[in-house]
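K.L.:
Could you look at this predicted model? Sequence included:
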Amino acid sequence: MPTALWIAHVTVTDADAYGAYAKAAGPAIADHGGVFLARGGRYVQLEGNDRARNVVARFPSVEAAVACYNSPAYQAALDHARGASVRDLVVVEEIG
């Protein structure tokens, strides 16, 4: 089964609340086999909407990434990000 990338582009509007999200989201992502490849590092915006925080995590499959997103632990973490950020999130299957 091909692995999948969870790709988030984020503008943080409340750093404290978003920090609480990041702290709680990391373990929820790891519990579903997610491994961070990029998390808020340097980037160059070439096209589209600029979001200052970019996160990429690899999951064992699209299904594992979606299960993580829908899990109670991740949803509890996400409660901190709601109202504290503007986000785009997509899961993309990698080429095998």
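P.N.:
Nice, I can see it. Quick caveat: nothing in here was measured; it's all calculated off a predicted structure. Numbers count the residues shown, from 1 in each chain.

K.L.:
neighbours around A81, how many?
P.N.:
By other C-beta atoms under 10 Å, the residues close to A81 number 22. For the C-beta atoms, the positions are set from N, CA and C on the backbone; glycine is no exception.

K.L.:
Now it: closest residue in space, sequence neighbours ignored.
P.N.:
Y21 (4.0 Å; C-beta to C-beta, 6 or more residues apart in numbering).

K.L.:
can you pull the contacts of that neighbour?
P.N.:
Listed by C-beta atoms under 8 Å, 6 or more residues apart in numbering, the contact partners of Y21 are 77-81, 84-85.

K.L.:
got the buried residues for the particular helix or strand that has it in it?
P.N.:
Using DSSP states H and E, Y21 sits within helix 15-31. Within helix 15-31, the residues scored as buried using 16 or more other C-beta atoms under 10 Å are 17-18, 20-22, 24-25, 28-29.

K.L.:
Okay, strands next: where are they in this protein?
P.N.:
According to DSSP state E, the chain carries its strands in the segments 4-12, 35-39, 53-59, 85-93.

K.L.:
Render the CA-only coordinates of the second one in CSV, please.
P.N.:
Looking back up the chat, that one is strand 35-39. Output of strand 35-39 as CSV, limited to C-alpha atoms (Å, rounded to 0.1, in the frame of the first residue of the first chain):
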residue,chain,number,x,y,z
VAL,A,35,6.3,11.0,10.9
PHE,A,36,7.1,14.7,10.4
LEU,A,37,9.2,15.6,7.4
ALA,A,38,8.8,19.3,7.6
ARG,A,39,7.4,21.4,10.4
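
K.L.:
related to what we said a few turns ago, quick check: of the buried residues of helix 15-31, which lies closest to N70?
P.N.:
A28 (10.7 Å; C-beta to C-beta).

K.L.:
mind listing what the closest one touches?
P.N.:
Counted by C-beta under 8 Å, 6+ apart, A28 has contacts 68, 71, 73-74, 76-77.

K.L.:
just the buried members of those?
P.N.:
68, 74, 77.

K.L.:
could those be laid out in TSV, adding pLDDT and distance to A57?
P.N.:
Converted to TSV, these look like this (pLDDT from 0 to 100; distance: C-beta to C-beta, whole Å):
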residue	pLDDT	distance to A57
C68	98	9
Y74	98	12
A77	97	13
